[in-house]
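[1] After the sequence you'll find the predicted model.
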Amino acid sequence: MLANTLKQSFSSPASTSLEELVNLRGAASALQRQVRRRSAAPQSGGSVSRRLGRGLDFAEVREYQAGDDIRQIDWKVTARTGTAHTKLFVEERERPVLLLVDFRANMRFGTQGMFKSALATRLAALLGWCAVAANDRVGGFVFTDDWHSEIRPQSGRRGLMGLLRAIEQGQRRMPVSSGDQFVKTMRRLRHSVHAGSTVVLLSDFVGFDETVQQMLGSSLRAADLIAVHITDPLDRHLPEPGSYPVSAGTQGEHSTWTLNVSSRNEQTRYASQFIGRQEILKSLFVSQRHHYMSVSTHMPLLDSAANILQRKSDSSVEPSL
């Protein structure tokens, strides 16, 4: 596990600072080295670029030569000419990478490790620094229940620093119990994304209803969209039967309530409902040729970031690009 080789401590499980997110640049560099070593396996033909974006862009077709990757044979040209031809690719540069960070009230919750919002923020910073190192243009959206900020993709550190400052702003806003920023943000994304862009959506997908789903239309099919489902252990499983005090609130205004778990049957139903929702989400994204993966607040942060870079989930493995 990466956590065994990369030690990272945080001042708070509930919030982040701009300084902390900037300092994650060093961890991102180490993360990329670890991912490259983890992915280093003998391959026939050219090697695949391990970047946040898709990495390869079509260049030309030429006659097949010894040592070429047979998976890249262009069968249409081969059939037409009677001679084997293969596709050649070049590494893409400055691919737009859009990071969407959900800061709604439901994300400001956690029972183990850190808040879901803190996990989304730290993952966004790590992935953003990886994209900067790959010469991609970085931008994105930060949204709460009643506010949003859009950062246009820019080269170098400019776009990412704009996103990190927007995260700092979003974190300061008081959470509210209602709002429609999820659907508004997805609508804005449809108008902002370009073909070939990489989009990473970091959310627990609470309120991901039919209206939001309609935003996953044709304009996003041309994007490399990665849906990262951020969960807390309590989202997945209830504790043993009993009564548990729960506290909520910020800046000195706290309230408490009691979580009552009546029976093991209730535990089973709760877990089954979560699995059902997760399967619906996964099916929705995969059917649109997007990527779906799940990460949890109690898992090591750097392992979760590595799984996103490699398109791997904690419960399933998605195809790598």
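    Done, it's in.

[2] who touches the nearest residue to residue 242 once chain neighbours are set aside in this structure?
    Closest residue to residue 242 in three dimensions, ignoring its sequence neighbours and counting by CB to CB, 6 or more residues apart in numbering: residue 261, at 6.0 Å. Backbone N, C-alpha and C define where each C-beta goes, glycine included. If you count contacts by CB atoms under 8 Å, 6 or more residues apart in numbering, residue 261 has them with 238-244, 267.

[3] Which members of those residues are the farthest-apart pair?
    Across the contacts of residue 261, the longest distance by CB to CB is 14.4 Å; it joins 243 and 267.

[4] Among the two, which residue is more densely surrounded?
    residue 267 (16 against 9; other CB atoms under 10 Å).

[5] Run through the residues that contact the residue lying closest to the more buried one once chain neighbours are set aside.
    Closest residue to residue 267 apart from its sequence neighbours, by CB to CB, 6+ apart: residue 238 at 4.7 Å. With contacts defined as CB under 8 Å, 6+ apart, residue 238 is in contact with 261, 266-267, 270-271.

[6] quick one: secondary structure of residue 238?
    Of the three states, residue 238 takes coil under DSSP: H, G, I helix; E, B strand; the rest coil.

[7] ok, so what distance separates the residue lying closest to residue 18 once chain neighbours are set aside from residue 212?
    Residue nearest to residue 18 in three dimensions, not counting chain neighbours: residue 168, with 5.0 Å by CB to CB, 6+ apart. Per CB to CB, to the nearest Å, residue 168 is found 26 Å from residue 212.

[8] Ok, residue 84 next?
    Residue 84 is 46 Å from residue 212, by CB to CB.

[9] Could you find the closest non-adjacent residue to residue 102?
    Leaving aside its sequence neighbours, residue 102 sits nearest to residue 203 (CB to CB, 6+ apart; 3.7 Å).

[10] Neighbours of residue 237, how many?
    Residues contacting residue 237 under the criterion other CB under 10 Å number 12.

[11] how close does it sit to residue 267?
    Distance from residue 237 to residue 267, by CB to CB: 7 Å.

[12] circling back to that earlier point, okay, and which of the contacts of residue 238 map to helices?
    Among these, DSSP state H puts 266-267, 270-271 in helices.

[13] Tell me the buried residues within those.
    Buried positions within those, assessed by neighbour count (16 or more other CB atoms under 10 Å), are 267, 270.

[14] per the record, what domains does the chain have?
    Annotated domains of the chain cover 14-36+93-309, 56-91 [automatic domain parsing].

[15] Would you single out the least confident of the ones you listed?
    Comparing mean pLDDT across those, the weakest is domain 56-91, with a mean of 78.

[16] what about the residue lying closest to residue 111 once chain neighbours are set aside, neighbour count?
    The shortest distance from residue 111 to any non-neighbouring residue, by CB to CB, 6+ apart, is to residue 234 (4.7 Å). Per other CB under 10 Å, the neighbour tally for residue 234 reads 18.

[17] cool, the one 5 residues further on as well?
    Here the number of neighbours of residue 239 (other CB under 10 Å) works out to 12.

[18] which non-adjacent residue is nearest it?
    Nearest to residue 239 is residue 261, by CB to CB, 6+ apart, at 6.0 Å.

[19] Distance-wise, check the residue of the chain most remote from its centre relative to residue 143.
    Taking CA atoms, centre = their mean, the residue of the chain most remote from its mean C-alpha position is residue 82, at 44.2 Å. Distance, residue 82 to residue 143, by CB to CB: 56 Å.

[20] now do residue 114
    Remark: distance between residue 114 and residue 143 (CB to CB) = 20 Å.

[21] Please apply the same query to residue 98.
    Noted for residue 98: a distance of 13 Å to residue 143, by CB to CB.

[22] okay, those two: which has more neighbours?
    residue 98 (27 against 24).

[23] did I read that right, the more buried one in a helix?
    No - using three-state DSSP, the assignment for residue 98 is strand, not a helix.

[24] If it is in a bridge, with which residues?
    residue 139, residue 199 (DSSP bridges).

[25] Against residue 82, how distant is it?
    Taking CB to CB, one finds residue 98 at 44 Å from residue 82.

[26] At which residues are the strands of the stretch 101-250 of the chain located?
    137-143, 148-154, 198-203, 224-231, 242-250 (DSSP state E, counting those that start in this stretch).

[27] can you put the ones you listed in CSV and add distance to residue 172?
    Shown next, in CSV, are the strands of the stretch 101-250 of the chain (distance: least, CB to CB, whole Å):
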stretch, distance to residue 172
strand 137-143, 11
strand 148-154, 12
strand 198-203, 19
strand 224-231, 20
strand 242-250, 10
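
[28] Of these, which is nearest residue 74?
    Ranking the strands of the stretch 101-250 of the chain by proximity to residue 74 (CB to CB) places strand 224-231 first, at 22.4 Å.
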